[in-house]
Each structure stands twice: as structure tokens, then as C-alpha cells.
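Enquirer: Give me the fold of what follows.
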Amino acid sequence: MTADSLLIPLVRTAGGLVTSLLLAFTGDLAARVFNLLTGFSLDLVVHQNVNFVAIGLGAGFGAFLGWLNPSFPKYWVFGSLLMILLVAIGGAYAARILGPGVDTSYWWGRFATDPTVYLGASTAGLFLATSLGLISQVMLANRFRGPGRS
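Expert: Now for the predicted structure:
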């Protein structure tokens, strides 16, 4: 086991975390713009859910980008992306439920997003992306090694 074999997954994980957090915040901004463009015509709960889904989609896609490997079949790539997106959305909702929440005594409290939602979505998506990425790295190494080779 060389130093490169340990360094590459660490760099991919760190890059995935940074990208995931940035895209989660971008997803939140995009959802807020969408909500403003629709004029908040629906119930407030629907618009809050739009925010959480957009945060999860951004975080999941960012986590996926850290471990993207286009040498695998398309069904593996798109299946991994779909699973990571769903887990990141679930992480956003879990962080919403388990997080401290926002102080509703301020006037903006109904429209604020708890910062732990970004972290929850990012870490949930990154955990699955890293797991699938490491599995795919082992599969790729075994494919090129072949039977009987070390």
C-alpha cells in the first residue's frame, strides 16, 4: 500500500465535501429565487420543502462530483448519482428535524434556513459517495489486476 493509495481518497473526499457545501448553498439560493419568482403562491410548507430538496440536490451532486469515475458503465454512474441525491435529500430533512432550528423571534425566522441543513445534506451524500467510490476503486483495481496477479 503506497502513500498515493491513501492520499487520493482523502483528496477526493475533501474535494467532494467542499463542492458539496458550495452546491448546497447554491441550491438554496436557486430555490429562494424560484420561490420569489412564483410569488410564494403556495403554502409556506411547500416553499420550505422546495428549499430542502434543492439543498439536498446540490449537496448530493457535489458529493458525487468528488468521486465521479466515467470509466464505469452508465448504469453504475447514474444509479450512484440517483442514490446519492436521495440520501442527500434525506440528510437535509434529518438535519432539519434533528438540528437546533432557527430563532423564530426575529421577523426573518420563518424564511431562514438552519445551517446544519447544509452540513447534514453534505455529510449524508458524501458518506454514500465515498463508500461507493471506494467500492468502485476496489472493483477497478481488481479488474485491471486480473486473476492470479498481485
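Enquirer: Look up phi and psi at residue 72.
Expert: Main-chain torsions, residue 72, degrees, to the nearest 10: phi -90, psi 160.
Enquirer: Sketch out the low-pLDDT regions of the protein for me.
Expert: Applying pLDDT under 70 to the chain flags the ranges 1-4, 110, 143-150.
Enquirer: 80 instead?
Expert: 1-5, 103-111, 139-150 (pLDDT under 80).
Enquirer: what's the spacing between the nearest residue to residue 125 once chain neighbours are set aside and residue 121?
Expert: Leaving out its chain neighbours, the residue that sits closest to residue 125 by CB to CB, 6 or more residues apart in numbering is residue 88, at 3.3 Å. Just so you know, the C-beta spots here come from the backbone N, C-alpha and C atoms, and that holds for glycine as well. Distance of residue 88 to residue 121, computed by CB to CB, to the nearest Å: 5 Å.
Enquirer: Number of residues surrounding residue 114?
Expert: 14 (other CB atoms under 10 Å).
Enquirer: you'd agree it is up against residue 93?
Expert: No - with contact defined as CB atoms under 8 Å, residue 114 does not count as touching residue 93 (11.6 Å).
Enquirer: how about the helix or strand harbouring the residue nearest to residue 125: buried residues?
Expert: Element membership of residue 88, judged by DSSP states H and E, is helix 74-98. Of all the residues in helix 74-98, those buried under the rule 16 or more other CB atoms under 10 Å are 77, 80-81, 83-96.
Enquirer: Toward the C-terminus, what is the element adjacent to that helix?
Expert: That would be, after helix 74-98 and using DSSP H and E, helix 115-145.
Enquirer: buried residues in that following helix?
Expert: Judged by neighbour count (16+ other CB under 10 Å), helix 115-145 contains these buried residues: 116-130, 132-133, 136-137.
Enquirer: Apart from its neighbours in sequence, what residue is nearest the residue nearest in space to the middle of the chain?
Expert: Central residue of the chain (CA atoms, centre = their mean): residue 60, 2.3 Å from the mean position. Closest residue to residue 60 apart from its sequence neighbours, by CB to CB, 6+ apart: residue 88 at 3.2 Å.
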